[in-house]
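A.B. asks: need a 3D model of the sequence below.
(one chain, ligands or ions: 1)
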Amino acid sequence: MSGNIVIGGGTGFVGKHLINALKNKNYAITVISRMPGPQHISWNDLNKSGLPQGTFAVVNLAGQNVMDFKQRWSAGFKQNVFNSRINTTSALAKAINEASVKPQAFISMSGVGAYKPDKSTQYTESSHVSNFDFFSKLVLEWEKATSLNNEAQKQCRVVSIRSGVVLGRDGGMIKQLYLPFFLGLGGPIGDGSQFLPWIHIADLVNLIIFAIENNKVKGIINGVAPSPCTNKEFSNAFAKALRRPACIPVPKLVFNIMLGNDRAKMVTEGQKVLPQRAQELGFKFQYPTVSEACLNIVK
Ligand SMILES: NC(=O)c1ccc[n+]([C@@H]2O[C@H](COP(=O)([O-])OP(=O)(O)OC[C@H]3O[C@@H](n4cnc5c(N)ncnc54)[C@H](OP(=O)(O)O)[C@@H]3O)[C@@H](O)[C@H]2O)c1
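C.D. replies: Residues are numbered from 1 along each chain as shown. The predicted structure follows:
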């Protein structure tokens, strides 16, 4: 397959991996970014001129980094976290509505924050979701922002990928944990019994491409590995892959102080999420278990 894929926020961690994989499949790429660059257009260009001609699919990865430790969890920062996802997604939905030739698919990132943290419930795409805190509201609004008008809906599939924490050497959580774990100073957060929904970067990239290319993929799809693990199991697997101990637990209070209570919940609490739809649709995970994922990451 080939064609042009438009990627909002394609300059980030997931975007760089996705672009490499798409180029290997001979797709052309247009990135929508706040910064100029080769094959870049700005959000302003999109609003003014719409989607580039011949757009085969649209992917949105844009969003202010929630786990930027330098940023205080202030009302202004929260607004930025919210607007950077909802406004970019709405701008892309509007551009698809207005395109004379519609792309085949609109894939947007979303998060597992839609599911209430719990130690016993197993969540799938058919589980009930509600607006119970900042992140659940964010996820529900983010997914709503993908809505297309009636005519566009008939021609363009819309997919929201509720992604777990993305594990890869060069970005996201691993980038922040690598040094402490490498120095043998890593360990679980609190007692480590909270779930940590996760997916290896290669599997997330393959899932996005699967959603672009497979016309059966539509609606919500959980972007998580098929073997859920707890925070402690992840810490042990990562430390073992690095041949280090993982015996220094970090009290939850440290994260509450460092990140703010709301944001700390992303790591001090967690959900057991299963990729039911991806598996029903025949998607194959390259890294189904956290030990395989961690071994690959430290290679
Ligand atoms: N990484 C994870 O573990 C994870 C887990 C679940 C969901 N997600 C979601 O998946 C998406 C991609 O994740 P990622 O790890 O690749 O993120 P990332 O590395 O932080 O990159 C996101 C991109 O968003 C753009 N961006 C940042 N702030 C923005 C703002 N205020 N307004 C408009 N655009 C802005 C940036 O592009 P420019 O600077 O070029 O504009 C940036 O390169 C994000 O929406 C994230 O919330 C990620």
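A.B. asks: ends of stretch 114-122, how far apart?
C.D. replies: 13 Å (C-alpha to C-alpha, to the nearest Å).
A.B. asks: got phi/psi on the residue of the stretch 51-200 of the chain found nearest the ligand?
C.D. replies: As assessed by C-beta to the nearest ligand atom, the ligand sits closest to Gly63 within the stretch 51-200 of the chain, at 2.9 Å. Placement of C-beta: from N, CA and C, glycine included. Dihedral pair for Gly63: phi 170, psi 130, per degrees, to the nearest 10.
A.B. asks: show me the contacts for it.
C.D. replies: 9, 81, 84-85, 88, 109 (C-beta atoms under 8 Å, 6 or more residues apart in numbering).
A.B. asks: closest to Trp43 among those?
C.D. replies: Thr88 (6.7 Å; C-beta to C-beta).
A.B. asks: element containing the closest one, please.
C.D. replies: Using DSSP states H and E, Thr88 sits within helix 75-98.
A.B. asks: please identify the buried residues of that helix?
C.D. replies: Buried residues in helix 75-98, defined by neighbour count with 16 or more other C-beta atoms under 10 Å: 77-78, 81-82, 84-86, 88-97.
A.B. asks: between helix 75-98 and the very next helix or strand once past it, find me the angle.
C.D. replies: Once the chain leaves helix 75-98, the next helix or strand it forms, by DSSP H and E, is strand 105-111. Inter-element angle recorded for strand 105-111 and helix 75-98: 160 degrees (by axes from the mean of the first three to the mean of the last three C-alpha atoms, to 10 degrees).
A.B. asks: tell me the mean pLDDT over strand 105-111?
C.D. replies: Strand 105-111 carries an average pLDDT of 98.
A.B. asks: run the chain-centre distance for the helix or strand just after that strand.
C.D. replies: Per DSSP H and E, strand 105-111 leads on to strand 122-123 as the next helix or strand towards the C-terminus. Put simply, strand 122-123 sits 18 Å off its chain's centre (C-alpha atoms, centre = their mean, to the nearest Å).
A.B. asks: and what of stretch 232-250?
C.D. replies: 24 Å.
A.B. asks: end to end, how far does it reach?
C.D. replies: 11 Å.
A.B. asks: and that stretch, what's buried?
C.D. replies: Buried, per 16+ other C-beta under 10 Å, within stretch 232-250: 232-239, 241-242, 244, 246, 249-250.
A.B. asks: of all the residues you listed, the one with the weakest confidence?
C.D. replies: Of all of those, Ala246 carries the lowest confidence score, 88.
A.B. asks: would you check that that one makes contact with Gly187?
C.D. replies: Yes - with contact defined as C-beta atoms under 8 Å, Ala246 reaches Gly187; the gap is 5.1 Å.
A.B. asks: which neighbours do the two share?
C.D. replies: In contact with both Ala246 and Gly187: 235, 239, using C-beta under 8 Å, 6+ apart.
A.B. asks: wait, doesn't Gly3 sit right on Gly54?
C.D. replies: Yes - if you go by C-beta under 8 Å, Gly3 and Gly54 touch, sitting 6.5 Å apart.
A.B. asks: between these two, which is the more surrounded one?
C.D. replies: Taking neighbours as other C-beta atoms under 10 Å, Gly3 and Gly54 compare with Gly3 leading, 15 against 11.
A.B. asks: before we move on, the earlier item: closest to Val58 among the buried residues of stretch 232-250?
C.D. replies: Closest to Val58, out of all of these and judged by C-beta to C-beta, is Phe234, at 32.4 Å.
A.B. asks: which residues touch the closest one?
C.D. replies: Taking C-beta under 8 Å, 6+ apart, one finds 196, 198, 290, 294 in contact with Phe234.
A.B. asks: just among these, which is most surrounded?
C.D. replies: Comparing the contacts of Phe234 by number of neighbours (other C-beta under 10 Å), Trp198 comes first, having 28 neighbours.
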